[in-house]
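Student: Here is my input; please provide its structure:
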Amino acid sequence: MLFMITMTHDPERGPLWKNTLASLPNHGLKIHANYVNRLEHKGYMVVEADSFEQIDAAFDPVLEMGHFEVTPVMQR
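Tutor: Numbering: from 1, shown residues only. Okay, here's the model as predicted:
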């Protein structure tokens with residue numbers, strides 16, 4: 001399944017964010033696209049996962065850093 005993840009984050013926690021992104025493949029997630037708006041501290045990511053639970057577990061270290069929206073999507 002493909003998921004669009006939109007997130008805003010606390011700028012002071014950049015290193016934790018980068019470590020979490022680097023560990024996504026360890027949770028079975030595949031990143032198809034990753035875009036950021038640095039001025040707004042906002043990110044947009046298309047991730048492939050078998051379940052929402054995989055995404056929840058992978059992003060657990062940073063869930064309290066900001067606001068996350070996870071939406072199932074499909075390519076047409």
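
Student: what ranges do the helices span in the chain?
Tutor: Secondary structure of the chain (DSSP state H): helices at 14-23, 52-59.

Student: hey, which of those helices is tucked in deepest?
Tutor: helix 52-59 (a mean of 16; mean count of other CB atoms under 10 Å). C-beta: built from backbone N, CA, C; applies to glycine.

Student: would you put the C-alpha positions of that one in CSV?
Tutor: Presented in CSV, the C-alpha positions along helix 52-59 are these (Å, rounded to 0.1, in the frame of the first residue of the first chain):
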residue,chain,number,x,y,z
PHE,A,52,-0.5,1.4,8.8
GLU,A,53,1.0,-0.3,11.9
GLN,A,54,4.4,-0.5,10.2
ILE,A,55,4.3,3.3,9.7
ASP,A,56,3.3,3.9,13.3
ALA,A,57,6.2,1.8,14.6
ALA,A,58,8.7,3.4,12.3
PHE,A,59,7.8,6.9,13.2
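
Student: quick one, that helix and helix 14-23 angle?
Tutor: If you take axes from the mean of the first three to the mean of the last three CA atoms, to 10 degrees, helix 52-59 sits at 140 degrees to helix 14-23.

Student: now the helices of the chain in TSV, with mean pLDDT and distance to V70?
Tutor: Formatted as TSV, the helices of the chain follow (pLDDT from 0 to 100; distance: least, CB to CB, whole Å):
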stretch	mean pLDDT	distance to V70
helix 14-23	83	14
helix 52-59	94	6
